[in-house]
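Q: Turn this into a model:
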Amino acid sequence: MQQDAEKFKKNASQYAGRWIAKVRNEIVGHGGTPGQAQHAAKATRHKETPEICFVPMTTPLVFSPVLNQILSAFPTDIPIYLVGGAVRDLLVSRPVHDYDFILQDNSLEISRQIANRIGAAYFPLDTKRGTARVIFTDQNGVRHILDFSTNRGPNLDSDLRDRDFTINAMALDIQKPHELLDPLGGASDLYKKLLRACTPKSLIDDPVRILRAIRMAANYGLRIDPNTRQLMQKAVPELPRVSPERQSDELIRILAGKQPHISILALQILGTFPFIMPELSSLVGLDQSPPHIKDVWHHTIDTIRVLEGIISTLSNSPDSEATGNLQLGILSMRLGRFRELIKKHLDLEQVIGRSVKSMLFLGALYHDVAKPQTRTIDENGHIRYFNHDQVGAAIIIRRAKAFRLSNIETDRLATIIYHHMRPSFLSHSENGPSRRAVYRFFRDTGNAGIDICLLSLADVWATYGPTLPQDRWEKQVDVVRTLLEAWWEQPNENINPPSLISGNDIINELGINPGPIIGDILEEIREAQVDKVVRTREEALIFADNYLKKLQAE
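A: Down below sits the predicted model:
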């Protein structure tokens, strides 16, 4: 008897994470759900009633203390399922902050009760479809998003089958969290690092899944199933059916994720640009004169790739890659003290869920977008792109509006592109940028100047590639160091000197009428403060008086 039990245990181990049907310790069927196992058993043992059980996974799921705290507030007398990406991430031990729950009905009422129990914010999203969001902030200040909805189909199985990819089509009963429901074999695909569509209609039903597939493949290191890749290609012309908001949301998540340069290149190869970012199509094959070593498109891809490495070096702890690479080594040595500040800056969210980092990468993608319109060739055959920065800013504003981005995001993108060449211009000064040049840079760019500094480093490196002269790189790094020092270490001296006089002071003391001239005088005083020419209120009034007399004499 013991020998039979050992044999069964050995046979069952190959079905870890699946449901099996057994008759007298013999496995007669298996599946991703109890129903599938039952159905498989009936095909061979239709006269017998098998026992259905779950074979534990080789790596058990581990819930975080926060998730256990949240789940303790859930009712125990009704079935509630955790589904989708949270289950996927739990299987590979990734941290989870977004959770999707499915109920049979009453999802709005129950989710509101849960929110009240855990002291979270409650937002009904779609009362007709029964979807709501609960936002819980834990004691460490980390935000957790809980979305609740009712079954899309007649039951949970049909709901899971209607999802995008098999690795997102898994569920757990929160009362039985170690019994996986996996009707399409998503767990197996996840462990095999395979991205596979749930059905042949998955991509055509919702073409934004093309972008999502690229993002997930990059973030999880997956290879896309050949049949799924074909489905993606067929669905590309349907992308215009997707709302601009959903297009931009997936694109920004791609740019904020892992290896965005590979993902963007994959989108271009798939032919998505004419349908979502038509401005970029004309960059392909557009040649450039030295020192550029690649055409505009591949320079753009290289800029994004290099930017990834620069950000990794300047926002994380020093690693072996930085010490083994000359450019990264110089970067780490001269700018390393700003690591924590850079990371904090890039992690800032101007809009909930969208970091400064994602806007920086979108700016990098579009930084040379106007080169096709501004291309000229001089008498020596040298290709030039005069004013491509200014024209590019206008283009990104149109694209941002088409994507329904917020005004603050649109302004930031325009600022990044309009001024992306300024740090390089400053690097050509023999003695480095003057105090006034530093002041004017941040006056015009604000904290987007930090993004521009990082982009300028990537732009210069990508321009030269392996031919990058060390002295050219060092000058660029030193200019960026000067700018970062001014912004973070000497703001009162170089960025925002204290006001010595007001506009009313100028009007009252100099006897002039209100008007635009007041703002001009105050700006001149600030620049004089930066240059240490003006230090006191009396000096500011004398400076203002002299400046006014000079204007009147002209």
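Q: C-alpha from now on. contacts and neighbour counts both.
A: Fine.
Q: Relative to whichever strand or helix holds residue 81, what are the paired strands and their orientations?
A: Assessed by DSSP states H and E, residue 81 sits inside strand 80-83. Paired with strand 80-83 in the same sheet, following DSSP bridges, are strand 98-103 (antiparallel), strand 171-173 (antiparallel).
Q: Could you look over those and pick the most buried one?
A: Highest mean neighbour count among those (mean count of other C-alpha atoms under 10 Å): strand 171-173, with a mean of 22.
Q: ok, and what's touching that strand?
A: Contacts of strand 171-173 with the rest of the structure, by C-alpha atoms under 8 Å, 6 or more residues apart in numbering, involve 79-84, 87, 160, 178-182.
Q: Can you name the residues that contact residue 350?
A: Contacts of residue 350 by C-alpha under 8 Å, 6+ apart are 356, 408, 409.
Q: same deal with residue 454?
A: Applying C-alpha under 8 Å, 6+ apart to residue 454 gives the contacts 307, 310, 311, 480.
Q: Name the member of those residues with the most neighbours.
A: Among those, residue 480 has the most neighbours (other C-alpha atoms under 10 Å), with 27 neighbours.
Q: Enumerate the positions of stretch 509-520 that are buried.
A: Using 16 or more other C-alpha atoms under 10 Å as the test for burial, stretch 509-520 gives residue 518.
Q: Rounded mean pLDDT for that stretch, please.
A: For stretch 509-520, mean pLDDT is 90.
Q: end to end, how far does it reach?
A: End-to-end distance of stretch 509-520: 16 Å, with C-alpha to C-alpha, to the nearest Å as the criterion.
Q: Flag every buried residue along stretch 367-374.
A: Applying 16+ other C-alpha under 10 Å to stretch 367-374 flags 367, 368, 369, 370, 371, 372 as buried.
Q: wait, the first one sits on residue 392?
A: Looking back up the chat, that one is residue 367. Yes. Using C-alpha atoms under 8 Å, residue 367 makes contact with residue 392 at a distance of 6.8 Å.
Q: Overlap of the contact sets of those two?
A: Jointly contacting residue 367 and residue 392 under the rule C-alpha under 8 Å, 6+ apart are residue 417.
Q: Could you save the strands paired with strand 80-83 as TSV and add columns showing mean pLDDT and distance to residue 420?
A: Compiled in TSV, the strands paired with strand 80-83 are given as follows (pLDDT from 0 to 100; distance: least, C-alpha to C-alpha, whole Å):
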stretch	mean pLDDT	distance to residue 420
strand 98-103	94	35
strand 171-173	94	46
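Q: Quick check: which of those is nearest to residue 58?
A: Judged by C-alpha to C-alpha, the one of the strands paired with strand 80-83 that comes nearest to residue 58 is strand 171-173, at 16.4 Å.
Q: follow-up on the earlier one: name the member of the contacts of strand 171-173 with the shortest distance to residue 442.
A: Residue 442 lies nearest to residue 84 out of the contacts of strand 171-173, by C-alpha to C-alpha, at 44.1 Å.
Q: Neighbours of the closest residue in space to the closest one that isn't next to it in sequence, how many?
A: Counting by C-alpha to C-alpha, 6 or more residues apart in numbering, residue 168 is the residue found nearest to residue 84 once chain neighbours are left out, at 4.3 Å. Neighbours of residue 168 under the rule other C-alpha under 10 Å: 26.
Q: contacting residues for residue 168?
A: 83, 84, 85, 87, 88, 186.
Q: Just the buried ones among these, please.
A: 83, 84, 85, 87, 88, 186.
Q: Let me have those residues in JSON lines, extended by pLDDT and distance to residue 328.
A: Below are these laid out as JSON lines (pLDDT from 0 to 100; distance: C-alpha to C-alpha, whole Å):
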{"residue": "83", "pLDDT": "95", "distance to residue 328": "42"}
{"residue": "84", "pLDDT": "93", "distance to residue 328": "39"}
{"residue": "85", "pLDDT": "93", "distance to residue 328": "35"}
{"residue": "87", "pLDDT": "95", "distance to residue 328": "38"}
{"residue": "88", "pLDDT": "95", "distance to residue 328": "35"}
{"residue": "186", "pLDDT": "94", "distance to residue 328": "40"}
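Q: Of the residues you listed, just say which sits nearest to residue 174.
A: Closest approach to residue 174 among the buried ones among the contacts of residue 168 (C-alpha to C-alpha): residue 83, at 10.0 Å.
Q: do you know how far that closest one is from residue 193?
A: Per C-alpha to C-alpha, residue 83 is found 19 Å from residue 193.
Q: Show me the shaky parts of this protein.
A: 1-12, 317-324 (pLDDT under 70).
Q: tell me the domain boundaries of it?
A: According to automatic domain parsing, the chain is divided into the following domains: 2-54, 65-192, 199-276, 282-494, 503-553.
Q: quick one: contacts for the residue nearest to residue 493 when sequence neighbours are not counted?
A: Leaving aside its sequence neighbours, residue 493 sits nearest to residue 530 (C-alpha to C-alpha, 6+ apart; 5.9 Å). Contact analysis of residue 530 by C-alpha under 8 Å, 6+ apart lists 435, 436, 439, 493, 494, 495, 497.
Q: Around residue 14, how many other residues sit close by?
A: Residue 14: 11 surrounding residues under other C-alpha under 10 Å.
Q: my guess is it is in a strand, correct?
A: No. Assignment of residue 14 by DSSP: H, G, I helix; E, B strand; the rest coil gives helix, placing it outside any strand.
Q: So what's the gap between stretch 15-35 and the chain middle?
A: In terms of C-alpha atoms, centre = their mean, to the nearest Å, the centre of stretch 15-35 is found 41 Å from the chain centre.
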